[in-house]
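[1] curious how this folds, go ahead:
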Amino acid sequence: MRIAMAETGTLRDWIQATLEGGLAPTRLEVIDESHLHAGHSGARPGGETHYRLEVVSAAFEGKSRVERHRIVNGLLDDAFKRGLHALAVRARTPAEAT
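    Sure, this is the predicted structure:
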């Protein structure tokens, strides 16, 4: 499920809606860490360039860490094309999150 970022407002909102639609997570945290990268490569005024994700989803069952990251990055491909510079991902299954 892909939606236009303009429909939901902020990039954070779009990331959350996209991951909820694509992964049906039991836990999802989308943290904007752009302020920690001010003055670094990829940073820009207004932020929304550096995010940290905590995602727990049954969709990751049987998938390697690399495969999980590819799934997340694939869902968020449009965000990278529109200015997302860095994404730190912790992707776990429900069993791993307990």
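[2] what's the closest non-adjacent residue to residue 49?
    Nearest non-adjacent residue to residue 49, counting by Cβ to Cβ, 6 or more residues apart in numbering: residue 85, 4.3 Å away. (Glycine included, C-beta is placed from N, CA and C.)
[3] repeat for residue 51
    Spatial nearest neighbour of residue 51, chain neighbours left out: residue 87 (5.4 Å); criterion: Cβ to Cβ, 6+ apart.
[4] and that neighbour, what element?
    Using DSSP states H and E, residue 87 falls within strand 86-92.
[5] lowest average confidence, helix or strand, in this structure?
    helix 77-81 (a mean of 89; mean pLDDT, DSSP states H and E).
[6] that helix: how far from the chain's middle?
    10 Å (Cα atoms, centre = their mean, to the nearest Å).
[7] next one: stretch 66-73
    Here stretch 66-73 shows a centroid-to-chain-centroid distance of 10 Å under the convention Cα atoms, centre = their mean.
[8] list the buried residues in that stretch.
    For stretch 66-73, burial by neighbour count (16 or more other Cβ atoms under 10 Å) applies to 68, 69, 71, 72.
[9] any idea which element the second one lies in?
    Using DSSP H and E, residue 69 maps to helix 65-75.
[10] again, but for residue 54
    Using DSSP H and E, residue 54 sits within strand 50-56.
[11] quickly run through the sheet partners of that strand, with directions.
    strand 27-32 (antiparallel), strand 86-92 (parallel) (DSSP bridges).
[12] now render these as JSON lines, adding mean neighbour count, mean pLDDT and distance to residue 53.
    Shown next, in JSON lines, are the strands paired with strand 50-56 (neighbours: other Cβ atoms under 10 Å; pLDDT from 0 to 100; distance: least, Cβ to Cβ, whole Å):
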{"stretch": "strand 27-32", "mean neighbour count": "15", "mean pLDDT": "95", "distance to residue 53": "6"}
{"stretch": "strand 86-92", "mean neighbour count": "17", "mean pLDDT": "95", "distance to residue 53": "5"}
